[in-house]
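**Student:** 3D, please:
(one chain, ligands or ions: 1)
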Amino acid sequence: MIDTNKYQTKLLELKAQIETDLAQVATTKLNSDGERWSAVPTDRDQEMEMRDEVADRFEDLTERESAERTFEARLKQVTEALQMIADGTYGICKIGGEEIESERLEANPAASTCKAHIDAE
Ligand SMILES: [Zn+2]
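**Tutor:** Purely as a prediction, here's the structure:
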């Protein structure tokens, strides 16, 4: 028998944490997008310098977008797990239909497969 109350508490904590992380990434991205170049390059050195800066910003933006996608995927798993608790289907492997091991749920309360089907998740 799975103690869904315990995992629900954990999942709600996780959800709050991910939402905080996501808000930080999203806000930073918004600020960066809102910035505009205020100077026009007047010589070659300055132009090269700006290109480097653009490259740095691009890398940074890619990293943030990547982090944002990771958080969003994680948030989706947690939300789905909470929905399964509500539906009474929590802790059931989505591949084989067997009960997910409690130690696996301890490690990842949003797990949707048992250990045997971990690669199929
Ligand atoms: Zn399974």
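
**Student:** I'd like the distance between the residue most central in space within the chain and residue 4.
**Tutor:** What sits nearest the mean C-alpha location of the chain, by C-alpha atoms, centre = their mean, is residue 71, with 1.1 Å. Distance of residue 71 to residue 4, given as C-beta to C-beta, to the nearest Å: 24 Å. C-beta coordinates here come from the backbone N, C-alpha and C atoms, glycine included.

**Student:** What are the buried residues along the one helix or strand residue 7 maps to?
**Tutor:** Using DSSP states H and E, residue 7 falls within helix 4-34. If you call a residue buried by 16 or more other C-beta atoms under 10 Å, then helix 4-34 has these buried ones: 4, 7-8, 10-11, 14-15, 18, 21-22, 25, 29.

**Student:** where exactly do the strands run in this structure?
**Tutor:** When assigned using DSSP state E, the chain turns out to have no strands.

**Student:** any chance you could map the helices in it?
**Tutor:** Applying DSSP state H to the chain gives helices spanning 4-34, 44-87, 102-107.

**Student:** which residues sit in contact with the nearest residue to the residue nearest to the centre of the chain once chain neighbours are set aside?
**Tutor:** Nearest residue to residue 71 in three dimensions, chain neighbours excluded: residue 22, at 4.3 Å (C-beta to C-beta, 6 or more residues apart in numbering). Residues in contact with residue 22 (C-beta atoms under 8 Å, 6 or more residues apart in numbering) are 68, 71-72, 75.

**Student:** and those as TSV, adding distance to residue 51?
**Tutor:** Formatted as TSV, the contacts of residue 22 follow (distance: C-beta to C-beta, whole Å):
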residue	distance to residue 51
68	26
71	30
72	31
75	36
